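*Asks:* next comes the sequence, and after it the predicted model I'd like to discuss.
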Amino acid sequence: RKEVEQDPGPFNVPEGATVAFNCTYSNSASQSFFWYRQDCRKEPKLLMSVYSSGNEDGRFTAQLNRASQYISLLIRDSKLSDSATYLCVVNRDTGTYKYIFGTGTRLKVLA
Amino acid sequence: EPEVTQTPSHQVTQMGQEVILRCVPISNHLYFYWYRQILGQKVEFLVSFYNNEISEKSEIFDDQFSVERPDGSNFTLKIRSTKLEDSAMYFCASRGTGGSNQPQHFGDGTRLSIL
């Protein structure tokens, strides 16, 4: 079983739609969680950290469910510029804080 | 906003040659990383570096790979004798001190093409 699993998509949604992505992780020792965005052939860019109580940043909301070992990302009022691959990232507090990446979920927002 | 910078942006090398990929992490960061991403695949951890030594490395990071922080600003990844399967995007990342919630910041990558 992969340590971090995501549905690769693609998710094709119209502008203005709400879309949600889930990610599951297998290692219960995982400590911290992030969503990164990656445009084609570019570097991962931090979208948001995911906190236990859930957190919101503008149109983006992240949730963490430790009991079920999944995290989610909700995007409201999708824009064309939201088209990208969304990477679920987990890190275990081994002292090195290395990242374990999911394969990413591809989102295409259509005009 | 401070950023991680990587050079070169694209490196084309013959199989068997040595390559050095360079990174300048964010200046007050203390943890440094190299990751790679083969085309169409996920980003994979290679190595982490802290306090002037390797703190963890993956199975990919074999004897052909080495890292160095030769001065106070650069962080390099060397591949001694490149193979075709080393062709990938290589990302450098750095993070500051603080707990596990501190995010890593990535450079814009070096595309390595082995012929």
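*Replies:* Alright, I've got the coordinates. Remember, predicted model here, so these are calculated numbers, not experimental data.

*Asks:* can you verify B:His29 is assigned to a helix?
*Replies:* No: under DSSP: H, G, I helix; E, B strand; the rest coil, B:His29 sits outside any helix and is assigned coil.

*Asks:* quick one: low-confidence parts of chain B?
*Replies:* Nowhere does chain B drop to pLDDT under 70.

*Asks:* how about the residues of it that lie near chain A?
*Replies:* Residues of chain B that fall close to chain A, judged by C-beta under 8 Å from any C-beta of the partner chain: B:31, B:33, B:35, B:41-45, B:48, B:50, B:55-56, B:89, B:91, B:93, B:95, B:99-109, B:111. From N, CA and C alone the C-beta is placed, and that goes for glycine too.

*Asks:* drop anything exposed from those residues.
*Replies:* Neighbour counting by 16 or more other C-beta atoms under 10 Å in any protein chain shown classes B:31, B:33, B:35, B:42-45, B:48, B:50, B:55-56, B:89, B:91, B:93, B:95, B:100, B:102-109, B:111 among these as buried.

*Asks:* just the ones in strands from those residues, please.
*Replies:* Of those, the ones assigned to strands by DSSP state E are B:31, B:33, B:35, B:44-45, B:48, B:50, B:55-56, B:89, B:91, B:93, B:95, B:105-106, B:111.

*Asks:* mind listing what the closest residue to B:Thr7 other than its chain neighbours touches?
*Replies:* Spatial nearest neighbour of B:Thr7, chain neighbours left out: B:Arg22 (4.9 Å); criterion: C-beta to C-beta, 6 or more residues apart in numbering or on different chains. Taking C-beta atoms under 8 Å, 6 or more residues apart in numbering or on different chains as the contact definition, B:Arg22 lies against B:Gln6, B:Thr7, B:Pro8, B:Asn74, B:Phe75, B:Thr76.

*Asks:* what's the farthest-apart pair in these?
*Replies:* B:Pro8 and B:Phe75 (15.0 Å; C-beta to C-beta).

*Asks:* where does chain A come near chain B, residue by residue?
*Replies:* Residues of chain A found near chain B, taking C-beta under 8 Å from any C-beta as the criterion, are A:31-32, A:34, A:41-46, A:49, A:51, A:87, A:91, A:93-104.

*Asks:* just the buried ones from these, in ChimeraX syntax?
*Replies:* Entered in ChimeraX, the line below selects the buried ones among these, by 16+ other C-beta under 10 Å:
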select /A:32,34,43,44,49,87,91,96,97,98,99,100,101,102,103,104
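
*Asks:* is the residue nearest to B:Ser113 when sequence neighbours are not counted in a helix, a strand, or coil?
*Replies:* In space, and not counting its chain neighbours, B:Ser113 is closest to B:Val12: 4.7 Å by C-beta to C-beta, 6+ apart. The three-state label given to B:Val12 by three-state DSSP is strand.

*Asks:* before we move on, the earlier item: and of the ones in strands among the buried ones among the residues of chain B next to chain A, the nearest to A:Thr18?
*Replies:* B:Phe106 (28.0 Å).

*Asks:* pretty sure that closest one sits against A:Pro44.
*Replies:* Yes: between B:Phe106 and A:Pro44 a contact is recorded at 5.2 Å, counting by C-beta atoms under 8 Å.

*Asks:* which residues do the two both contact?
*Replies:* B:Phe91.

*Asks:* tell me where chain A has helices.
*Replies:* Read by DSSP state H, chain A holds no helices at all.

*Asks:* shaky segments in it?
*Replies:* In the predicted model, chain A carries pLDDT under 70 at residues A:93.

*Asks:* what segments of it are strands?
*Replies:* Using DSSP E, strands in chain A cover A:4-6, A:11-14, A:19-25, A:30-38, A:45-50, A:55-57, A:60-65, A:70-75, A:84-92, A:99-101, A:105-110.
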